[in-house]
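Participant: Let me see the structure of the following:
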Amino acid sequence: MKGTALVVGASGIVGSATAALLLEEGWTVHGLARRPGRQAGGTSGILPVAADLQDAKATAAALAGLRPDAVFITTWLRQDSEAENIRVNAAMVRNLLDGLRPAGGAGHVALVTGLKHYLGPFEAYGKGTLPQTPFREEQGRLDVENFYYAQEDEVFAAAARDGFTWSVHRPHTVIGKAVGNAMNMGTTLAVYATLCRETGRPFRFPGSAAQWHGLTDMTDARLLARQLLWAATTPAAQNEAFNVVNGDVFRWSWMWSRIAEWFGLEPAPFDGTVRPLEQQMAGDAETWRRIAEREGLAEPDLARLASPWHTDADLGRPIEVVTDMSKSRRLGFTAYQPTDDAFFDLFAQLRADRLIP
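Facilitator: Residues are numbered from 1 along each chain as shown. I've put the predicted structure just below:
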């Protein structure tokens, strides 16, 4: 199947990977972003759509006449509280789907959320009574307010009203390239390793003993894009929610040394002390700017590359987190991606794009 797609959040980690895959597969791709110029729409083949989804009227005007076969919602806006996360992000999904309705709506809508569906929002992250791991889709919602649930409810309500099919996709921490992204562990670790090499500081694991010793998994943005396309074009996968991870499991006690080796570093021994990156990197903005100027890097603003708060939230969890993929496997989605190779591919791309030296 080839058709017309609307990728919402086309400049982000998941959106850019999804748009790239769709273009490779011969789709016509419209990429919606607040500032679509940053995704190089004209040269990449993406047809840019500039819209702020918080503005219902402007969104409707930007989408006038567009009737995509598939819509991929890969964006959200972080707010200061979960109540505001719910209000803002639910409205963004509602405004998007309302804006598409006059031209006939969409054929399929795919929503990307994540494992906070099972872990709870940042305000209650990993607290209270959690489902048993590995997380499975049938485990349902926690009894807490969560903007992921609000986004889902907007999609479900619009699907019931307008007749499109839907899918929900729940990745673990996503590995992929984007600049200015709020949740970007791969680039954050690459920048941290570069700073440690520059300053001679020890390359210390910032998280908890539970994460260092326990099993975990992650999601390559390219693999997630493949699941998004698969669900949009596979009748048996429609109107379903799916977990999506690479297919391997690892311990950070192994992965940390793999990442250190790629950057030519010796990993510091882990003594069980949590040393958050947000503290370790708090004074590094000027050092990064000097590195960028000396090496001719494309982005001298550390804040646009690194998101230490998000990496700390993942690596500081006091519980083991692994994800079951049986549901989509049974339906025929068999893609696999070794996680260490996903990191190495990202690091090589960051270097080629002059984002790290």
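Participant: drop to CA atoms for contacts and neighbour counts, all remaining ones
Facilitator: Fine.
Participant: Please name every helix or strand in contact with the lengthiest helix in the chain.
Facilitator: Ranked by residue count, the top helix of the chain under DSSP state H comes out as helix 82-100. Under the contact definition 3 or more Cα pairs under 8 Å, 6 or more residues apart in numbering; DSSP states H and E, helix 82-100 sits against helix 56-62, helix 147-162.
Participant: Would you format those as TSV with mean neighbour count and distance to Lys327 included?
Facilitator: Shown next, in TSV, are those (neighbours: other Cα atoms under 10 Å; distance: least, Cα to Cα, whole Å):
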stretch	mean neighbour count	distance to Lys327
helix 56-62	18	35
helix 147-162	18	19
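Participant: Adding distance to Glu261 as columns, could you present those helices in JSON lines?
Facilitator: Compiled in JSON lines, those are given as follows (distance: least, Cα to Cα, whole Å):
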{"stretch": "helix 56-62", "distance to Glu261": "46"}
{"stretch": "helix 147-162", "distance to Glu261": "37"}
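Participant: Mean pLDDT and distance to Glu240 for those - can I get that in CSV?
Facilitator: Putting those into CSV (pLDDT from 0 to 100; distance: least, Cα to Cα, whole Å) gives the following:
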stretch, mean pLDDT, distance to Glu240
helix 56-62, 96, 27
helix 147-162, 97, 11
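Participant: related to what we said a few turns ago, what does the following helix or strand past the longest helix of the chain rub up against?
Facilitator: Following helix 82-100 in sequence order, the next helix or strand is strand 108-112 (DSSP states H and E). Identification of contacts with strand 108-112 by Cα atoms under 8 Å, 6 or more residues apart in numbering yields 69-75, 152, 155, 164-171, 228, 232.
Participant: again, but for stretch 220-234
Facilitator: Against stretch 220-234 from outside (Cα under 8 Å, 6+ apart): 1, 13-14, 17-18, 21-22, 70, 72, 108-110, 166-167, 169, 171, 174-176, 237-238, 244-246, 333, 335-337, 339, 342.
Participant: One more pass at 7 Å, please.
Facilitator: 1, 13-14, 17-18, 21, 70, 108, 110, 167, 174-176, 237-238, 244, 246, 335, 342 (Cα atoms under 7 Å, 6 or more residues apart in numbering).
Participant: Then stretch 258-269?
Facilitator: Under the criterion Cα under 7 Å, 6+ apart, residues Ala193, Arg197, Pro202, Phe203, Arg204, Ser257 lie in contact with stretch 258-269.
Participant: distance of Leu297 from Ser253?
Facilitator: With distances taken as Cα to Cα, to the nearest Å, Leu297 is found 31 Å from Ser253.
Participant: Same check on Asn85?
Facilitator: In terms of Cα to Cα, Asn85 sits 34 Å off from Ser253.
Participant: And those two? Which one has more around it.
Facilitator: Asn85 (21 against 18; other Cα atoms under 10 Å).
Participant: Spatially nearest residue to that one, not counting backbone neighbours?
Facilitator: Gln79 (5.2 Å; Cα to Cα, 6 or more residues apart in numbering).
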